[in-house]
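Chemist: what would the 3D arrangement of this be:
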Amino acid sequence: MATDWVEKMKQTVQPHVPAPVLGVGLLQPAGSWGSMGLSKISPLAGMLKRKANNGAAGGLARTGMFSMKMGLFAVTADSVFAFHATPKGREWRVGDQVGEWSRSDLRIETVPGRLATKILVDVVSTGDHYELEATTVGSNGFTQAFLDELTRTPA
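Modeler: Residues are numbered from 1 along each chain as shown. Got it, this is the predicted structure:
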């Protein structure tokens, strides 16, 4: 039987969030796929690109040559929470909380690409800006369900 990844990830993050989780997504620094490809041509260029990508992600997610910290985002009716997350077999381990924002304080822009959708997050009250991406290739609807909830205008 196929795993319902949307429900499984909601159950994984729910103990860390004080309200019902409506959507959940795994995000990496924007440009991660490109820097991985660039590393095949030039490891140094790939490393420099990863460093720039990590900076634009603002600490919400990080990729390295041999490790990664994905951003696990949970969307509730009123808020968006961000946690570091690391894979553990076929599961995900929820790490430190690295962000919490009111949905009404966020401006979200999505830019679909071939392998991932770039997600630009602007926090209106602070001027903070984050550039992340959600892998869409092979996500079996997991990413789209998250993007739909993240970009939905809160009631």
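Chemist: and the lengthiest helix in the chain, how far out from the chain's middle?
Modeler: Counting by DSSP state H, the longest helix found in the chain is helix 43-56. From the chain centre to the centre of helix 43-56 is a distance of 18 Å (CA atoms, centre = their mean, to the nearest Å).
Chemist: that one: what's the following helix or strand?
Modeler: Downstream of helix 43-56, the first helix or strand assigned by DSSP states H and E is strand 62-63.
Chemist: other residues contacting that following strand?
Modeler: With contact meaning CB atoms under 8 Å, 6 or more residues apart in numbering, strand 62-63 is reached by Gln28, Pro29, Ser32, Ser35, Arg50, Asn53, Asn54, Met68, Lys69. Yep, even glycine has a C-beta here, placed from its N, CA and C like the rest.
Chemist: could you measure from the fifth one over to Ser32?
Modeler: The reference is to Arg50. To Ser32, Arg50 is 8 Å away according to CB to CB, to the nearest Å.
Chemist: who has more neighbours, those two?
Modeler: Ser32 (25 against 22; other CB atoms under 10 Å).
Chemist: can you pull the contacts of that one?
Modeler: The neighbours of Ser32, taking CB under 8 Å, 6+ apart as the test, are Arg50, Asn53, Thr63, Ala116, Glu133.
Chemist: one more time with 6 Å, if that's ok
Modeler: Counting by CB atoms under 6 Å, 6 or more residues apart in numbering, Ser32 makes contact with Thr63.
Chemist: ok, back up a step: what about the longest helix of the chain, average pLDDT?
Modeler: Helix 43-56 carries an average pLDDT of 77.
Chemist: next: stretch 11-25.
Modeler: 96.
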